[in-house]
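>>> Predicted model follows, preceded by the sequence.
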Amino acid sequence: MSRRNNKTNQKLIELINQLKEKSRETGSALWRDVALRLSKSRKNWAQPNLSRLSRHAPEGAVVLVPGKLLGSGDLEGSPVVAAYSASVGARDKIIAAGGKLLTLDDLMKENPEGKGVVILG
């Protein structure tokens, strides 16, 4: 018997299913972990600020935010960030710093194994 899905956003449901499928294909636990985090209630999703990203993200790593990235704080360096969603301020600051903002779909296509990806949440 399959588990009942409480999500109503069809795009989110499809993304969660794609993440689980990618985890089965590649054997990478990263995608399964992100799928489980996005399956939880939205109140429990990560909502880090750019200042937290600057403090905790290692240099040269791709930072994955399984939730919404907020634009409060200053950004150091030019990070590559993948997030389910990002505020307008966060997008502007990342692009102004020379960084790159990806969707989770884009990150799965660019890096199917999930190597060098750090979850910030």
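It's in.
>>> Could you report the neighbour count for the closest residue to Ala86 other than its chain neighbours?
Nearest non-adjacent residue to Ala86, counting by CB to CB, 6 or more residues apart in numbering: Leu69, 4.2 Å away. (Each C-beta comes from the backbone N, C-alpha and C, glycine too.) Leu69 has 27 neighbouring residues, counting by other CB atoms under 10 Å.
>>> check contacts around Leu69.
Taking CB atoms under 8 Å, 6 or more residues apart in numbering, we find Leu69 in contact with Gln47, Pro48, Asn49, Leu50, Leu53, Val81, Ala83, Ser85, Ala86, Ser87, Ala90.
>>> Show me the contact partners of whichever strand or helix holds the last one.
Counting by DSSP states H and E, the secondary-structure element that holds Ala90 is helix 88-96. The set of residues external to helix 88-96 that reach it, using CB under 8 Å, 6+ apart, is Leu50, Leu69, Leu70, Gly71, Ser72, Asp74, Leu75, Pro79, Val81, Ala86, Lys100, Leu101.
>>> next one: stretch 54-62
So stretch 54-62 is in contact with 63, 73-77, 79-82, 102, 107, 111, 116-118, 120, going by CB under 8 Å, 6+ apart.
>>> Narrow those to those that are buried.
Neighbour-count burial (16 or more other CB atoms under 10 Å) applied to the contacts of stretch 54-62 gives Val63, Gly73, Leu75, Pro79, Val80, Val81, Ala82, Leu102, Leu107, Asn111, Val117, Leu120.
>>> where does Ala82 fall, phi/psi-wise?
Per-residue torsions, Ala82: phi -120, psi 130 (degrees, to the nearest 10).
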